[in-house]
Structure formats: C-alpha cells, structure tokens
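>>> Quick one: sequence and predicted model below, then my questions.
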Amino acid sequence: MSEITPEIVGEHGLTPEEYQRVLRIMGREPKMTELGIFSVMWSEHCSYKSSKFWLKKLPTEAPWVICGPGENAGVIDIGEGKACIFKMESHNHPSFIEPYQGAATGVGGILRDIFTMGARPVANMNALRFGAPEHPKTRHLVGGVVAGIGGYGNCIGIPTVGGEVNFDPSYNGNILVNAMTVGIADTDKIFYSAAAGIGNPVVYVGSKTGRDGIHGATMASAEFDDDSEEKRPTVQVGDPFTEKLLLEACLELMATDAIIAIQDMGAAGLTSSSVEMSDKGGVGIEFDLDRVPVREEAMTPYEIMLSESQERMLMVLKPGRENMARKIFEKWELDFAIIGTVTDTNRLVLKSGGEEICNIPVPPLVAEAPEYERPWVATPPPRVLAIDDALADINIAPTDALARLVASPDLCSRRWVWEQYDHMVMADTLRRPGADAAIVRVHGTDRALAITTDCTPRYCVADPVQGGRQAVAEAWRNLTASGAKPLAITDNMNFGNPERPEIMGQFAGCIEGMTDACLALDFPVVSGNVSLYNETNGTGILPTPAIGGVGLIEDVNNDTTSAGFTAEGEAILLIGNTSGHLGRSMLLRVFSDNYRDAGAPPPVDLEAERRNGDFVRDLIVGDRVSACHDVSDGGLLVAAAEMALLGSIGAEISLPTTGIPAFAWLFGEDQSRYITTTSAPEEVLTAANSAGVPAIMIGTTGGPQLTVGDGNSISLLELRNAHESWFPEYMADV
Amino acid sequence: MKAAVIVSPGSNCDRDVQVALQQSAGSEPIMHWHGDANLPDVDLIIVPGGFAYGDYLRAGALAAQSPVIQEVVARANKGVPVLGICNGFQILTECGLLPGVLMRNAGLKFICRDVDLRVEAADTVFTLDYMDGQVIRIPVAHNEGNYFADDATLNRLDGEDRVAFRYCSPEGRVTDSANPNGAARNIAGILNEGRNVLGMMPHPERLADPMLGGNDGRPMFDGLVEALVATE
C-alpha cells in the first residue's frame, strides 16, 4: 500500500512530472519527510526554477566583486581591508497575510544573511509597494508593515536609513515588502557556507524550533485566492532580541578560528541550510533529530525539517572547538546543540528515535532540481504619446500642479514612515532618509557607503526593457548625486505568475534592460532574490525589479554634497538633455483623465547616463557644486521643489523660450538628469560643454518661495504643508 | 576620569556612548557586562539605550532586576554620577533611582527625530556646559518615552528644580505641539534628589559630532569630563 498518493504530491506543490523525477533520484518511493524536503527544495522560492535561466544572463563581475550571487549575500571590496556585504530579499506573501510579523521577519531574515557571512550589519533599507490608497486593506497593511520593519530594526539596533514606498492598484492583493541589509566585514574574515572536514561537528545555534512557518516557502510559490488569510499559520513570528543575541554571539565566535562553514536557517529552515552546506562542500551530513532543540512537544521529523522558526543558524566547527563555542552561546543565553556530523556519503541522512527516516542523495536533489525555460511573449511596444495630446486636458498654473503633485501619494513626504524607524542608531548616519541616497560612514574611518533602492514599475509594465534599464540607471544616478562611486547592486525581482507567457515576457524584458544598464555602467549584480506568483485571482502586480545599489564615498569630508539648496543667490543648473517626455509621467497620473499611466516610458540612453553621471560626480568631488539632486518622478520642477524644501531656500525657475511646452519641460520625466547649484556657473557650463554633457542654467536660488516663469509663485510654507500632510492625514487613527 | 558603560544583552547605544565619551575624555570607558556584579570603582556610570532584555515585559523592568543594576543603585546612593539615556532612563525609573514611569508614546508609534530641549537645570555635573534656558537640539528614538508621575511627584520635581530638560519649540516655548510623546509637563529628563542621577529620553550621544548633523550633545560629555577630572 503506497503512503504517497497523488493528492499528497499535489499538496506538496510538486507536479506529476516532478514527482517522477523524485522517484528516479530516490530509486524508491520517498518517505513523508523526504517528500517534504523535495517539496521545499524544489519550490519556486528555493529552486528559482522559472527564473534561473534568465538570471544567468545578468552581469556579475567587476574587479571589486569578491563574491557574486550564489552565497548568502554579495560581497564587494571597499578598500582599506574592508568588504561590504549586502542583499535584498522579499517577504511579500507573509506580509500581506500578517503585515507586522511578515515584515519583521523579512528584516530578520535579511539581517541573518548578512551576518552569517561575517559582517556587522550597518544599515537597513526597504522597498515597499502597496495597493491603491483607497483600497480598504491598504491603510492596515501600511501601518502593520511599517511598524513591523521598525519593531525589528529598532530593537536589534541597526539603523533603517531609507527606502521607497509606492502605491498602485495592481498591488491591492499582493503587496511587496523587499528588505535590504548592508554590512561591513574585514576582507580576510568572510565566512561561506560550504561544509568540509569529514567527521566535523555540525552545530545548531539560536532559538528553539517550533511549528511556525511550516511550508512558508511553498506558500510563497503559489498564487493567492480568496482564502489566503487561512494561511496565517505559515507566517513566522520574529524575536529581534534573540536575533541581537545571535548576532553578537556569532560575531564573537567569528573572531576566533573555530568556524569552517556557517549558514542561516531562512526559508525551508533546517532543510535548505543543511542541503546547501553539504552540496556546496561536496560532502554529506547526518543529523540526529532528537538533538534539535524544540519548543513544542511531539514534533515530528517532518515538522522539524520544514519549520521556519526564526533566529537560527547552522555551523560546521573545527573539531575540538565545541566547548569554546558553546561557552560563547551560553553567555548570550542561546541554545547550542551538536546535532550531527559531516560525512563522506554525499547524502542527507536523518535519524530520529534510532531509526533512519531520511536518506537523500544531495547532488541530484540540487543539480536535478527542475529548471524551466517557460514560454514567454514580449510585451508589445507601447504607443508613444504626443506632447500636445498628453497636455490637452491639463489647464492649471504650474505651481498649482506642483502643489498637487508633491501632495500626491507617490510623491509626498515619507516622513511618517521613516520617523518610525530608528535611522540614527550606531551614530554613523551622515545623511538621513528623505534625499537621494542614504550615506552611512564606515565606522571609525572617513569613508562612507551610499545606499539606495529604486524601481519605477509603471515604466516596467509599459516597456520592460526600458523599465529594467531605468531601475538600474536610477540607482546609479542616486548614488552619483550623493558623490559616491556606484559599485554594485542587489536585485529583487517581483513578478506575477511565471506560467503565464506575458509575465515571463515581462521578466525576460526587465532582465535584458537590467543587463544593458549593468554593463554600460560597470554596475554588476552581486546578490538577489526572486518573488513570483504575486497574483490574486489571476491578476498580477506591475513588474517590479527592485534594485538596491551601493556606492563608495572615499572621503566624507570632501567628496559629497547637500541634496538641498545651501545658499541664496546661486545659479541652478540642469545637467542632461530635456525633451519633455510625458508618457507614464506622474503629471499624467495625477492630472490626466485620458492619459493616466499611458504611453511609453522615457527611454534611457545609457551612454549619456554614464557621461552625465561621471561629469556630475567629478563636479561634486572637485567641490565645484554646492548641492546636487537627481531628476526623477515628477520631473524638473518636483526635483527643484524637493531641493528647496530640504534647504529651506526658495528659487526662481525660468521657462524655456522655444520649442518644448512649459508643462512638458517642467514635468517631463526625461532620464539621466541632475540639478546642481553653484556660485560659478560659467565655469561649470564650460566644463560641461567640453565634456559633451548638456547643461543649462535654469534659475537662481533665494527667497521664501518658488517662482516659475513670470511671477507664478508658491511659498515654501504652502509647499511644505502640501508635501508633509498627505501621509499623516491618510494614516490618522489607524 | 574613569567611566563605565553598562552593557546588557540588548543594549544597542553602548558603542555610541563609548565613542562620544572617548571623544570628550580622551580615554575609553570600561564596557561592563551586565552579568558581572563586580563593578570596578568608577567616577561615572552610564546606562545606555537599547532594549536591555528585549523589553517584551515593560521597558527596563527585567534589567532593573539584574545584579549589576543593584550595584549601580548602591553606587548612586553613595553619590556616584549615573546617567541613564532612553532605555537607561526607563531602567532607572524601574529600579527606583528616579520617580515616575515611561509609558507608551501618546501617538502609539515609535518616534525617531530631532527635538528641541530647554535646559532647566544647568547646575549639575551633567549640564555644566549648558546654560539655564538654553535650547539644544538632539534626537529622540523611542516607543515608550511618555513620562508620567502623579501630581504630587510632578510638583515636587518642579519645586526641587529636578526637571533637567523639557521638550520645547525652537524658540524655547514649552508647548503641546513641541511635546513628541505626551510626557507630563513636557518632561524629557529628570534628576534624583542628590542631583547625581540623570535620566533622559533624548540621545545626546547621537549629536556629538558635526558630521552627524549637530553637536549639541557634546557639551554634556565635555562637562562631565571637566567636572569629574576636577574632583579627582
């Protein structure tokens, strides 16, 4: 009598063909625990089976890359013997079901990915996408996610220094919570996950294992339907205090030479950590599950192996170091248990109550995991919108348009959000949230990291190739605008159901665009994460390849600049070419009845991007500009307004005399542009001319208001009120 | 001057205070582990911010029971200056060195931002380098900073000039809109009767370096070093 029925196989998310592959690898019918292990290891979340084919195309190398994708996080060299270790990861499905814990454990998971490699985390970022503001669930989700991110990061004491928040109806049933952590390690003290040394002890540390989160990875690999809330038990519960203990204990042990390999237990818990460690090391692992610290009675081997309880790590230690290691973990009041050994069998063997309940050959479990080149169709090219058509139904004064734009959900101040995050703990946050990139000093040095997250999903849906380019280019631009040399990115690919060809077409297009931009800008991908099946009842999210970028500022005393105006009476210069591109602009989203979210997104000329950005960075590092900000959502006038508000200094902005209609010029979202201020404009304009970079003077700083053209003005006070009030009013009484 | 920073498992502003103190004193403070009740002889004790034992019960409640905190209480009663910042302030109220409690913020949210404070008592070892009525700008970062005590206690604190700092407007006016967390009488920091224990919610160590956007916290550490070096 067969124990494994087709129904059980289906409940484990395996197709009949995939189950046949399991039978072939095992040479027999699997036991339940074995089936559970195949199920999670071959889930979309763990195996990347739909995306691997495409991810391989991304550029991952540069002279400063120490470790690209494939480990817990990417590692880059930042000089003076230090490495920056960073990654972004999604916790979308759990955050929709239980926003506080979903978001909190998302932060906890990405933190562990960073410190498991030997780095002390120094900054958290996030990229959040919610449904339409008027959707009945949105406020509840915003409140819970923000509180969850803050609750975890604030307690463990890692500053949350920035991020992005967007709203769009496509996220009504599937919000996105992408969390990024950046850490710093010594280049000669980086830890990897490959197990080694036959007979060496395998050690479990951290929290006890409970029944929480079982099949979380499988949940994250399927669409939602109307009963998704019943999946709440698959959401894990976070304990940031225990994570703090685990962080300090691991770093203390890492300062010795006791650790051979270490891996955090994230998605699929003990299963994926042990399989990855043995596969990478080309060895086997044998566990006695009776030794695993458990929090509940009568847990079965199946439950122990599939639990996603948080704040746990798996390590291989050098023989003879167990007692020294145990003392460190006992000092921090954490569990420490030797649960197994490294073997030469290449098999994952599990024992419980003296019986062998699992014996899987690891190499085929990993190497023969399904990989699909799913059918795809390219997104049809969008119709380019004529400027005159786009502007036909917009008839207001520029500053009135500005006031409404900066008060719109997508462009208003995020102060309500980031004031709930401790963004100053560790006392190295040189630039706080609310500007282009956060700047975090490398502790005890004059160097700093610039960090940003970027993506414009409304561009990606219209033209995935241009959208993919733009996401990478905007990250590069934000780092550049802070004076940093952009070094590398992490990507978080959030898409709908990959079994639909049009979704895979979005994925393929975004990858193509990202690849173009990474190559043109020397900005490789060093880590990342894929989240598919962000669909509810057949409706997918906007394609959202969120990019987390990191750059280096070599001398914080000289090589950076303000994002806000710093002095009155200075010239305001616009760097980069303006054509007045209005397709997919915020202006149309807010004001147009006929062309809301219509047309083609602005194209990104990567050669111009590189030229303009390198020129601007030289200006900043050469101390030839007093402020710099990139031009993005909302266009030129919104960027100028942001600089005015940051610096509390007004400006006069002149209108072009020929060609482009005023609104297209003021609110068009042409790419590769920056606004800078200087007291020596001729010098900068001459330098731009010889560098082949378009640059013009567009106004002068000064006064208590922003004036556009001939006397159309708005006071900074009114502008600030408009900018600051939407979020607190929207979230009042939640 | 010898200073000790008490390090609990969940302290997370211990290094920040260490850096600020070292900058003013020129020497490193002792980082003293919570589990060790043998606190060396020191001239100053700092209980830093963080989440000492996770604060899942009530902020500071468990920490107040730890062996080293009992020793801190004994030293404070002998006159050793003790500064509690944020979670440190919560712990000092829980262990009885300071009156009142820190309740959840009135807005029910964590708040991290710069606030303006009016210096109300510039005659202590902690505030020597400030002037009475001076407005300083340093950050708060807390979920439970809403100071509460009964009217008799508040009247006594006022009457004995034991309110060290109050939340105020940039011009120094003590108003409701300048109060970030609902604290009674805009109280941001208080002293004990002996004026050698100060508890405060704002973080002077976070703005003691102009690179971080301000330096108004630095005089607290400079003043402590001046006062305590002079008494040696």
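Yes, it's here. Everything numeric here is computed off the predicted structure, so don't read it as measured data.
>>> List the residue ranges of the chain that fall below the pLDDT cut-off.
In the absence of a named chain, this looks at chain A. Within chain A, the stretches with pLDDT under 70 are A:1-2, A:216-221, A:226-234.
>>> Chain B was what I was after
For chain B (pLDDT under 70), the answer is B:232.
>>> Could you tell me which residues of it lie near chain A?
Within reach of chain A by C-beta under 8 Å from any C-beta of the partner chain, chain B has these residues: B:9-10, B:12-13, B:15-16, B:19-20, B:35, B:49-51, B:53-56, B:109-113, B:139, B:141, B:143, B:203, B:205-206, B:209, B:211-213. Bear in mind the C-beta positions are built from the backbone N, C-alpha and C, glycine included.
>>> Please indicate which of these are buried?
Applying 16 or more other C-beta atoms under 10 Å in any protein chain shown to the residues of chain B next to chain A, the neighbour count classes B:9-10, B:12-13, B:15-16, B:19-20, B:49-51, B:53-55, B:109-112, B:139, B:141, B:143, B:203, B:205-206, B:209, B:211-213 as buried.
>>> those helices in chain B, which residues are they?
Shown for chain B, the helices assigned by DSSP state H span residues B:14-25, B:67-77, B:87-94, B:151-159, B:218-230.
>>> The stretch 451-600 of chain A now?
A:457-462, A:464-481, A:501-521, A:586-591 (DSSP state H, counting those that start in this stretch).
>>> got a list of what the residue in chain B that chain A sits nearest to touches?
Chain B approaches chain A most closely through B:Asn12 (2.4 Å), counting by C-beta to the nearest C-beta. Contacts for B:Asn12 (C-beta atoms under 8 Å, 6 or more residues apart in numbering or on different chains) come out as A:155-157, A:244, A:425-426, B:49-51.
>>> go with 10 Å
Contacts for B:Asn12 (C-beta atoms under 10 Å, 6 or more residues apart in numbering or on different chains) come out as A:154-159, A:244, A:422, A:425-426, B:48-52, B:86-87.
>>> How about A:Trp64?
A:75-79, A:83-84, A:485, A:487-488, A:522, A:524, A:526, A:552.
>>> Ok, B:Val125 next?
B:43-44, B:81, B:83, B:195-196, B:198, B:220, B:223-224, B:226-228, B:230-231 are the contacts of B:Val125 under C-beta under 10 Å, 6+ apart.
>>> redo that, cut-off 6 Å
Shown in contact with B:Val125 (C-beta atoms under 6 Å, 6 or more residues apart in numbering or on different chains): B:81, B:224, B:227.
>>> got it, and A:Ile198?
Contacts for A:Ile198 (C-beta under 6 Å, 6+ apart) come out as A:342, A:344.
>>> and if you look at A:Ala390?
Contacts of A:Ala390 (C-beta under 6 Å, 6+ apart): A:582, A:595.
>>> Quick check: buried residues in stretch A:531-548?
Residues of stretch A:531-548 classed as buried: A:531-536, A:540-548 (neighbour count, 16+ other C-beta under 10 Å).
>>> Tell me which two in these are the farthest apart.
The span of the buried residues of stretch A:531-548, defined through C-beta to C-beta, is set by A:Thr536 and A:Gly548 at 26.0 Å.
>>> tell me, how many neighbours does the closest residue to chain B within the stretch 351-500 of chain A end up with?
Distance from chain B to each residue of the stretch 351-500 of chain A (C-beta to the nearest C-beta) is smallest for A:Ala427, at 4.2 Å. By other C-beta atoms under 10 Å in any protein chain shown, 23 other residues sit near A:Ala427.
>>> Surely it is in a strand?
No - assigned with DSSP: H, G, I helix; E, B strand; the rest coil, A:Ala427 falls outside any strand and is coil.
>>> Looks like it contacts B:Asp14 (just checking).
No - in this structure A:Ala427 lies outside contact range of B:Asp14 using C-beta atoms under 6 Å: 11.1 Å.
>>> hmm, back to that, dump the contacts of B:Val125 into JSON lines; add neighbour count as well.
Putting the contacts of B:Val125 into JSON lines (neighbours: other C-beta atoms under 10 Å in any protein chain shown) gives the following:
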{"residue": "B:Pro81", "neighbour count": "24"}
{"residue": "B:Leu224", "neighbour count": "27"}
{"residue": "B:Ala227", "neighbour count": "19"}
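>>> Run through the strands of chain B in chain order.
B:3-7, B:30-33, B:44-47, B:82-85, B:101-103, B:111-119, B:135-142, B:146-148, B:163-168, B:187-191, B:197-200 (DSSP state E).
>>> Chain B contacts on chain A?
Proximity of chain A to chain B, by C-beta under 6 Å from any C-beta of the partner chain, involves residues A:150, A:154-155, A:157, A:241, A:244-245, A:419-420, A:422-425, A:427, A:430.
>>> can you pick the most crowded of the residues you listed?
A:Asp422 (32 neighbours).
>>> Torsion angles phi and psi at the closest residue to A:Ala258 other than its chain neighbours?
Leaving aside its sequence neighbours, A:Ala258 sits nearest to A:Arg321 (C-beta to C-beta, 6 or more residues apart in numbering or on different chains; 3.7 Å). Torsion angles at A:Arg321 (phi, psi; degrees, to the nearest 10) stand at phi -100, psi 0.
>>> got it, and A:Glu71?
phi -100, psi -170.
>>> How many neighbouring residues does the residue nearest to it when sequence neighbours are not counted have?
Leaving aside its sequence neighbours, A:Glu71 sits nearest to A:Tyr192 (C-beta to C-beta, 6+ apart; 6.0 Å). Neighbourhood size, A:Tyr192 [other C-beta under 10 Å]: 22.
>>> Also A:Arg610?
For A:Arg610, the count of nearby residues is 19 (other C-beta under 10 Å).
>>> Which helix or which strand is home to it?
Assigned by DSSP states H and E, A:Arg610 belongs to helix A:606-621.
>>> Now the element after that helix, going C-ward?
Next along from helix A:606-621, by DSSP H and E: strand A:627-630.
>>> where does A:Met313 land in three-state SS?
Using three-state DSSP, the secondary structure recorded for A:Met313 is strand.
>>> What's opposite it in the beta bridge?
Beta-bridge pairing for A:Met313 (DSSP bridges): A:Val205, A:Asp264.
>>> Near it, how many other residues are there?
A:Met313: 23 surrounding residues under other C-beta under 10 Å.
>>> The one 3 residues further on now?
Using other C-beta under 10 Å as the criterion, A:Val316 is surrounded by 27 other residues.
>>> do the same with A:Leu128
Neighbour count for A:Leu128, taken as other C-beta under 10 Å: 26.
>>> Buried subset of the contacts of A:Trp64 as a ChimeraX selection?
Buried residues within the contacts of A:Trp64, by 16+ other C-beta under 10 Å, are selected in ChimeraX with:
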select /A:75,76,77,78,83,84,485,487,488,522,524,526,552
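>>> Give the helix, strand or coil label for the closest residue to A:Ala268 other than its chain neighbours.
Counting by C-beta to C-beta, 6+ apart, A:Val40 is the residue found nearest to A:Ala268 once chain neighbours are left out, at 3.9 Å. Per three-state DSSP, the local secondary structure of A:Val40 is helix.
>>> Please verify my assumption that A:Val40 contacts A:Ala267.
No - the criterion here is C-beta under 6 Å, and A:Val40 misses it with A:Ala267 at 7.6 Å.
>>> Compare the two (neighbour count), which wins?
Per other C-beta under 10 Å, whichever of A:Val40 and A:Ala267 has more neighbours is A:Val40, with 27 against 23.
>>> which SSE is the residue nearest the centre of chain A in?
Centroid-nearest residue in chain A: A:Met88, 3.8 Å away (criterion: C-alpha atoms, centre = their mean). Per DSSP H and E: A:Met88 is located in strand A:82-90.
>>> distance between that strand and the chain's centre?
On the basis of C-alpha atoms, centre = their mean, to the nearest Å, strand A:82-90 sits 10 Å off its chain's mean C-alpha point.
>>> Can you list the strands that that strand pairs with?
For strand A:82-90, the paired strands and their directions (DSSP bridges) are strand A:74-79 (antiparallel), strand A:176-186 (antiparallel).
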